[in-house]
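Chemist: below are the sequence and a predicted model; questions follow.
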Amino acid sequence: MIRPLLSLGFLACAAVLLALGLGSVTVPLPEIWQVMQGEGSALNRALLLDLRLPRTLAALATGGLLAVAGALMQVLLRNPLADPYVLGLSGGAAVGALLAMLAGMGTILISGSAFAGAMLATLLVFGLAHGTGSWTPSRLLLTGVVVAAGWGAVITLMLAITPSYKLPGMLYWLMGDVSYARTPWPALIVLVFSVVLIMPLARNLNVLARGPLQAAALGVSVRPLEWTIYLLASLLTATAVTTAGSIGFVGLIVPHMLRLVLGNDQRIILPASALAGGTLLVLADTLARTAIAPEQLPVGVITALLGVPTFLYLLHRSR
Amino acid sequence: MSVHRLSVRVALGFLIVIVVQSLSAGEIQRCAVDDVGQELCLPAPAHRIVTLSPGATELIFAAGAGDKVVAVVNYSDYPPEALKLPLVGSHTRVDMEALLALRPDLVITWVTGNPPAQMELLDELGIPTFAIEPRTFEGVSSVIERLATLAGTEQEGLAEAERFRVGITALSEQYRNAEPIPVFYQVWEQPLMTINNDHLIGKVLQLCGGVNVFGDMPRLVPRISAEVVLQADPHAILTGSVEGVSDDQLDSWKQYSELTAVKKNNLFFVPASPISRPTPRLLEATRIVCDYLDSARER
């Protein structure tokens, strides 16, 4: 059980080192070593410590957050198409961010507003789906999808009535990109704490994945567990969106890939998702900023280009 | 009263001290205020300049500092020398590593066109930035003068700024009493978009005696329907195209034979980048628009 995690951890470390070593400017290995020892030229220090390191760590954390959130959502909704954004969380975050931009706020307040919007979206869906009487994951899913459509309409409306000089900034935010991440630390801390917290629940999640009746029969208190997963996944997604905008694909595909290879045991899938999601986004971002440098590609293009063939291969092999 | 007078004197005294200080500092420091009101002071003339918009590239060349530009962004196609310069990505995604590695001493940014997060990072890294976005004719001259100040090329820069100013003044004198003519400027065909009077293109139309039929719209670049264009019945329809060569962008109007602009064959193509970039080439584009409107009046 430990071995796949060790190899994924090794891969993640290798991806981070590769990301630090590659860029549109070539920094030779000896000079990278110098910078790591706290020496080196001012330029190399700026390149590695101010540009590459924060960006790489932000990609690692964001990818991890999205993959874990995706894995949790798929278990919660028992729907293979579920991803971190399916319940309208990114829409709420986007509305928060765009409102802050309309008011002319700075980047920190925009991030704060995006986070608040994401949490508001979470609570809105929570409240509506809870309603009175019984609720089911399908009710939660429907509520979320409809609320997401509502957010989408609000975003379109805001873009339509915004003064045109504010539009580029908003579109940049909506596209999502790791290069806009300012600091990786909140995302990394949230990721590590969440994975540590969720691990004791992983066994119950395994039971839940087989259906709520079985889970209840086996002594799992289903509803509190489901709400815990929902809130935790929301927190993870909100943190990811606040760090780098809404980056798609990672949250949907990484958990599925891992299930194809490692089987559906949440005790492995959850930490493996954190590592593999981070690795995928780090590699994708490295390619995005080096492939046709100095032109910079959107990272979403590369995550899909890397992920689609890998996923199809795994799916084909598993038959 | 006396207290008031005293405070005025004290204030005057301070003012003189400040002026003298800045005069003496002027020999070593060059200061200019950018288009977001941020003052930038350089200890020496900038000699490693990077521009982050095609317009900024044109303006720095106009300011006489083209030989001090070390990199530009994609689509910096004017003047032709700019095409030979290294790229640091595009204005929407700047390659920060390439930019940093060039050790620029001045980065000219685009107020609303560059990603805000990347611009903040430049500030944090202590790279001098100067954000520009001229929105008036005078703004074009003024930004050329300010860039020339920062690059220490006042001689060429001030002359070019003045040439533009004089040219625009002469044109506006010439067309001051021109017969007003209703005009529609098509920014984009699908979806149909135009500009209001606050837009620089709107100001060009006004200068030439054109009456922008959508000049009073609240948004700078409004989206409109074909219906309101038919209702407004412009006597001339203009749009931008590559090099001002006619293409198919205005063809859809030809089906409305009752439209005065179509009846009189007043569908005109203006060179796109000169009219849409706030640079000295706008003078030439303005002349072209004025000529077109003249011929529209005659038909």
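Modeler: Great, that's in hand.

Chemist: now do residue 232, the pLDDT please.
Modeler: The chain I'm using is chain A. A:Leu232 is assigned a pLDDT of 92 by the prediction.

Chemist: oops, I was thinking of chain B
Modeler: 94.

Chemist: what bits of the chain have low per-residue confidence?
Modeler: No chain in the question, so chain A it is. A:131-135, A:319 (pLDDT under 70).

Chemist: wrong one, chain B
Modeler: Applying pLDDT under 70 to chain B flags residues B:1-27.

Chemist: per-domain residue ranges of it.
Modeler: For chain B, automatic domain parsing gives the domain ranges B:28-167, B:177-298.

Chemist: can you show me the helices along the stretch 201-319 of chain A?
Modeler: A:202-209, A:212-217, A:222-244, A:250-262, A:266-290, A:299-317 (DSSP state H, counting those that start in this stretch).

Chemist: nearest to chain B among the ones you listed would be which one?
Modeler: Checking those against chain B by C-beta to the nearest C-beta gives helix A:266-290 as the closest, at 7.1 Å. C-betas here are computed from N, CA, C, even on glycine.

Chemist: who in chain B is up against chain A?
Modeler: The interface of chain B toward chain A, taken as C-beta under 8 Å from any C-beta of the partner chain, is made up of B:74, B:86-90, B:92-98, B:100-101, B:103, B:111-113, B:115-118, B:120-121, B:124-125, B:219-221, B:223.

Chemist: and the buried ones among those, selectable in PyMOL?
Modeler: In PyMOL, the members of these classed as buried (16 or more other C-beta atoms under 10 Å in any protein chain shown) are selected with the following command:
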select buried, chain B and resi 87+88+89+90+92+93+94+95+96+97+98+100+101+111+112+113+115+116+117+118+120+121+219+220+221
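
Chemist: quick one: residues contacting A:Ala103.
Modeler: The contact partners of A:Ala103, by C-beta atoms under 8 Å, 6 or more residues apart in numbering or on different chains, come to none.

Chemist: how close does it sit to A:Leu51?
Modeler: Separation of A:Ala103 from A:Leu51 (C-beta to C-beta, to the nearest Å): 30 Å.

Chemist: repeat that for B:Ser53.
Modeler: Noted for B:Ser53: a distance of 21 Å to A:Leu51, by C-beta to C-beta.

Chemist: mean neighbour count, the domains of chain B: which tops it?
Modeler: Among the domains of chain B, the stretch with the highest mean neighbour count (mean count of other C-beta atoms under 10 Å in any protein chain shown) is domain B:28-167, at a mean of 20.

Chemist: ok, and the closest non-adjacent residue to A:Leu120?
Modeler: A:Gly92 (5.5 Å; C-beta to C-beta, 6 or more residues apart in numbering or on different chains).

Chemist: packing partners for the helix or strand that contains the one you found?
Modeler: Assigned by DSSP states H and E, A:Gly92 falls within helix A:89-102. Helix A:89-102 sits against helix A:107-130, helix A:137-161, helix A:167-175, helix A:222-244, with contacts defined as 3 or more C-beta pairs under 8 Å, 6 or more residues apart in numbering or on different chains; DSSP states H and E.

Chemist: please save the CA atoms from that helix in CSV.
Modeler: What follows is helix A:89-102, C-alpha atoms only, in CSV (Å, rounded to 0.1, in the frame of the first residue of the first chain):
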residue,chain,number,x,y,z
LEU,A,89,-18.2,26.5,-6.6
SER,A,90,-15.9,28.0,-9.3
GLY,A,91,-18.9,30.1,-10.5
GLY,A,92,-19.4,31.6,-7.0
ALA,A,93,-15.6,32.3,-6.7
ALA,A,94,-15.6,33.9,-10.1
VAL,A,95,-18.6,36.2,-9.2
GLY,A,96,-16.8,37.2,-6.0
ALA,A,97,-13.5,37.9,-7.9
LEU,A,98,-15.3,39.9,-10.6
LEU,A,99,-17.2,41.9,-8.1
ALA,A,100,-14.0,42.8,-6.4
MET,A,101,-12.4,43.8,-9.7
LEU,A,102,-15.5,45.9,-10.6
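
Chemist: follow-up on the earlier one: can I get the helices and strands packed on helix A:89-102 in CSV with distance to A:Arg3 and mean neighbour count?
Modeler: Formatted as CSV, these follow (distance: least, C-beta to C-beta, whole Å; neighbours: other C-beta atoms under 10 Å in any protein chain shown):
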stretch, distance to A:Arg3, mean neighbour count
helix A:107-130, 36, 19
helix A:137-161, 33, 16
helix A:167-175, 38, 18
helix A:222-244, 26, 23
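
Chemist: make CSV out of those and add distance to A:Gly251.
Modeler: Converted to CSV, the helices and strands packed on helix A:89-102 look like this (distance: least, C-beta to C-beta, whole Å):
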stretch, distance to A:Gly251
helix A:107-130, 14
helix A:137-161, 14
helix A:167-175, 16
helix A:222-244, 8
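
Chemist: contact residues of the stretch 1-150 of chain A facing chain B?
Modeler: Going by C-beta under 8 Å from any C-beta, the residues of the stretch 1-150 of chain A near chain B are A:23-25, A:43, A:46-47, A:50-52, A:107.
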